[in-house]
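In: sequence first, then the predicted structure:
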Amino acid sequence: MEDAYAVVSMNGSGPIEDGTEIENAAELKFPREFEEADTLLTSEVFLLLEFRRKQLEQEEEITEMSEVFLKCHSYAQRMSKFRNRDTIRSVRQLLNTKPFHKFEMMQLANLCPDTAEEAKALIPSLESKIDDAELDELLSDMHVKRSFQ
C-alpha cells in the first residue's frame, strides 16, 4: 500500500481521501519530514563523497568501496556544476539574497538554467517570486561564477 506522503504531484493539489495533503513541488508543498531538513547542491554532495573516497583510499586496511557509493560518486561528479567550496559558498550567498524557498535555491543551483523563461518552466513556483529581468541577472551572475572557478 502506498503511503499518502509518498505521492508526488507536479500539478495536482488538495487533500486525498485520508485528509493528507498531496506533495506538489510546483506549489512548494512537501511532507513535514522535509520542513526542517537541510538541502545540498549536487556539487556539495560530490565534495562530500570525494572526501569520503579519499579517506577510504588512505585507510591502512583495504576497504572496497561499494558499487552504490561509486555510482553515486560518479553521478554527483557528472552533474556537479560548481567545483570548489568558495564558488559553492558564493552561489549560495547570491541565491540567499532573494526570497526563494530552499527547494528553489537548490534547483536553480543544480540545474543552472540559461534564462528566466527556462528557470520558470523547470521551477514553476518562481513565477510569482521574481520578475524575468531580475532572474536573468541572477542566472547570469551564477554562470559567471561557474565559468571562473
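Out: Ah, there it is. In this text the structure is predicted, and so the values were computed from the model without any measurement. Numbering: from 1, shown residues only.
In: surely residue 28 meets residue 125?
Out: Yes - using Cβ atoms under 8 Å, residue 28 is in contact with residue 125, at 5.1 Å. For every residue, glycine as well, the C-beta is placed using N, CA and C.
In: any common contacting residues for these two?
Out: Common neighbours of residue 28 and residue 125, using Cβ atoms under 8 Å, 6 or more residues apart in numbering, are 101, 103, 104.
In: any chance of the residues you listed in a markdown table, with secondary structure too?
Out: Output for the shared contacts of residue 28 and residue 125, formatted as a markdown table (DSSP: H, G, I helix; E, B strand; the rest coil):
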| residue | secondary structure |
| --- | --- |
| 101 | coil |
| 103 | helix |
| 104 | helix |
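In: closest to residue 67 among those?
Out: residue 103 (29.6 Å; Cβ to Cβ).
In: alpha carbons only: can I get stretch 109-116 in PDB?
Out: Extracted as PDB, the C-alpha positions of stretch 109-116 are listed here (Å, rounded to 0.1, in the frame of the first residue of the first chain):
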ATOM      1  CA  ALA A 109      22.000  25.900  -8.500                       C
ATOM      2  CA  ASN A 110      21.700  22.300  -9.600                       C
ATOM      3  CA  LEU A 111      20.100  23.000 -13.000                       C
ATOM      4  CA  CYS A 112      21.800  26.300 -13.800                       C
ATOM      5  CA  PRO A 113      19.100  27.300 -16.400                       C
ATOM      6  CA  ASP A 114      20.200  29.800 -19.000                       C
ATOM      7  CA  THR A 115      17.200  32.100 -19.000                       C
ATOM      8  CA  ALA A 116      14.400  33.100 -16.700                       C
END
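In: what is the strand or helix carrying residue 92 packed up against?
Out: Residue 92 is part of helix 85-96 when elements are defined by DSSP states H and E. Here helix 85-96 touches helix 42-58, helix 102-111, helix 132-147, going by 3 or more Cβ pairs under 8 Å, 6 or more residues apart in numbering; DSSP states H and E.
In: among these, show me which one is buried the most.
Out: Of all the helices and strands packed on helix 85-96, helix 102-111 carries the top mean neighbour count, a mean of 19, counting by mean count of other Cβ atoms under 10 Å.
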